[in-house]
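# this one's sequence-less:
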Ligand code: PMP
């Protein structure tokens, strides 16, 4: 007998993640023949006249969305967000010290990956409380002559998010925004460097966006290879080698979609509505549990468990039967997680909560 495979109605994966349907459809229409060029974007020379407006518009629209001041450069890099774990110290440490805040798995990994460099210090960690609350900025223990402070705005696995931009003068803040960038407005001037893997709110995997204040481009270690050197990349318009050309095109389509949908204010409004709906339901029962402090509950990644761990497998099987995919918690922490990025419609969260109610009533 032929097995009928369930198909996905709503994709709650943490990344690669759901993309706006409109964007996928537009890419589909243009796939074989981009704007009468006779070529797919995938086939174009990244230095050709056809490709130039694609990367230029992507940058322009990202600048518009984030309200980027002129003294910030945008780089389209590869290697994923974790490659920045060594690119940041190579480009910025400058034989000084740096302080790292640990608020979950990703920022701990960033701190660990930086250990081969000397002068890497811990500013704060919430590991002892299982990352249920992010260390507050006022308690970060950094040095006044640090070359930078690193933290992660939203911890994708633990579901812990900072909602205020840190107000620290004189020390550049380096921020991993992989899973929250473009979900709301931020004050870019609070940061020296912002980076994000694309595969959540930006586009397909394989592209990493880095935004850097231009006065921070002069500190790279002399041994930094050209592809890893922010200044070299900046001087070469992110084309010191072949960039992720199709990824940048897709990111550009996503930026257009966000602008057409009302920009970051509209994203924020919709993301608050979706997250509140889900957290309110979780809080209304003893069946589902989320232990994250109210102030730090991630709007993008809602991690939760069921009071009886044994039920997780059944929950996931039933969810897939209902077309709800990607709800398994990260392999390191288990449990469940619903990633509700910009492209997740409100209806998706309603469908999830309906299923959660049904499952609860059954057990
Ligand atoms: N930082 C955060 C906050 C993430 O969510 C992820 C990916 N889930 C990473 C870093 C690593 O990203 P990449 O796989 O692109 O290296």
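Ah, there it is. Everything numeric in this text was worked out from a predicted model, so none of it was measured.
# what helix or strand does residue 59 sit in?
helix 52-66 (DSSP states H and E).
# Please name every helix or strand in contact with that helix.
If contacts are counted by 3 or more CB pairs under 8 Å, 6 or more residues apart in numbering; DSSP states H and E, helix 52-66 sits against strand 72-77, helix 245-260, helix 263-283. In this view, the C-beta of every residue, glycine as well, is placed from N, C-alpha and C.
# Nearest to the ligand, out of those?
strand 72-77 (10.4 Å; CB to the nearest ligand atom).
# quick one: average confidence on the closest one?
Across strand 72-77, pLDDT averages out at 98.
# Give me the packing partners of it, helices and strands only.
Using 3+ CB pairs under 8 Å, 6+ apart, strand 72-77 sits against helix 52-66, strand 208-213, helix 230-235, helix 245-260.
# So which of those is the most surrounded?
Mean neighbours per residue, mean count of other CB atoms under 10 Å, is largest over these for strand 208-213, with a mean of 23.
# circling back: export the helices and strands packed on helix 52-66 as a markdown table, with columns for distance to residue 105.
What follows is the helices and strands packed on helix 52-66, written out as a markdown table (distance: least, CB to CB, whole Å):
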| stretch | distance to residue 105 |
| --- | --- |
| strand 72-77 | 22 |
| helix 245-260 | 24 |
| helix 263-283 | 20 |
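# Give me the number of neighbouring residues for the closest residue to residue 355 other than its chain neighbours.
Nearest residue to residue 355, sequence neighbours excluded (CB to CB, 6 or more residues apart in numbering): residue 322, at 5.1 Å. By the measure other CB atoms under 10 Å, the count of residues near residue 322 is 16.
# Up against the ligand, what does the chain have?
Neighbours of the ligand within the chain, by CB under 6 Å from any ligand atom: 14-15, 80-82, 106, 152, 156, 176, 178-179, 197.
# where do the strands sit along the stretch 51-200 of the chain?
For the stretch 51-200 of the chain, strands defined by DSSP state E, counting those that start in this stretch occupy the ranges 72-77, 98-102, 120-125, 148-152, 154-155, 160-161, 173-176, 193-197.
# deepest of those, which one?
Comparing those by mean count of other CB under 10 Å gives strand 154-155 as most buried, with a mean of 30.
# which residue packs closest to residue 68, ignoring adjacent ones?
Nearest to residue 68 is residue 188, by CB to CB, 6+ apart, at 5.7 Å.
# I figured that neighbour was touching residue 66, is that so?
Yes. Taking contacts as CB atoms under 8 Å, residue 188 lies within contact range of residue 66: 5.7 Å.
# just to revisit the earlier point, so can I have a markdown table of the strands of the stretch 51-200 of the chain showing distance to residue 131?
A markdown table is the format used below for these (distance: least, CB to CB, whole Å):
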| stretch | distance to residue 131 |
| --- | --- |
| strand 72-77 | 28 |
| strand 98-102 | 8 |
| strand 120-125 | 9 |
| strand 148-152 | 11 |
| strand 154-155 | 7 |
| strand 160-161 | 6 |
| strand 173-176 | 15 |
| strand 193-197 | 20 |
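# right, so of the ones you listed, which gets closest to residue 296?
Closest approach to residue 296 among the strands of the stretch 51-200 of the chain (CB to CB): strand 160-161, 4.8 Å.
# which outside residues touch that closest one?
Applying CB atoms under 8 Å, 6 or more residues apart in numbering, the external contacts of strand 160-161 come out as 103-104, 126, 131-134, 153-155, 180, 292, 296-300.
# ok, 6 Å please
Strand 160-161 is contacted by residues 103-104, 131, 134, 154, 292, 296, 298 when judged by CB atoms under 6 Å, 6 or more residues apart in numbering.
# Just give me the neighbour total for the residue nearest to residue 103 when sequence neighbours are not counted.
Of all residues not flanking residue 103 in the chain, residue 134 sits nearest, at 4.2 Å (CB to CB, 6+ apart). By the measure other CB under 10 Å, the count of residues near residue 134 is 28.
# Pull the contacting residues for residue 134.
Contacts for residue 134 (CB under 6 Å, 6+ apart) come out as 103, 160, 162, 296.
# For the stretch 1-150 of the chain, which residue gets nearest to the ligand?
Counting by CB to the nearest ligand atom, the stretch 1-150 of the chain gets nearest to the ligand through residue 80 (2.6 Å).
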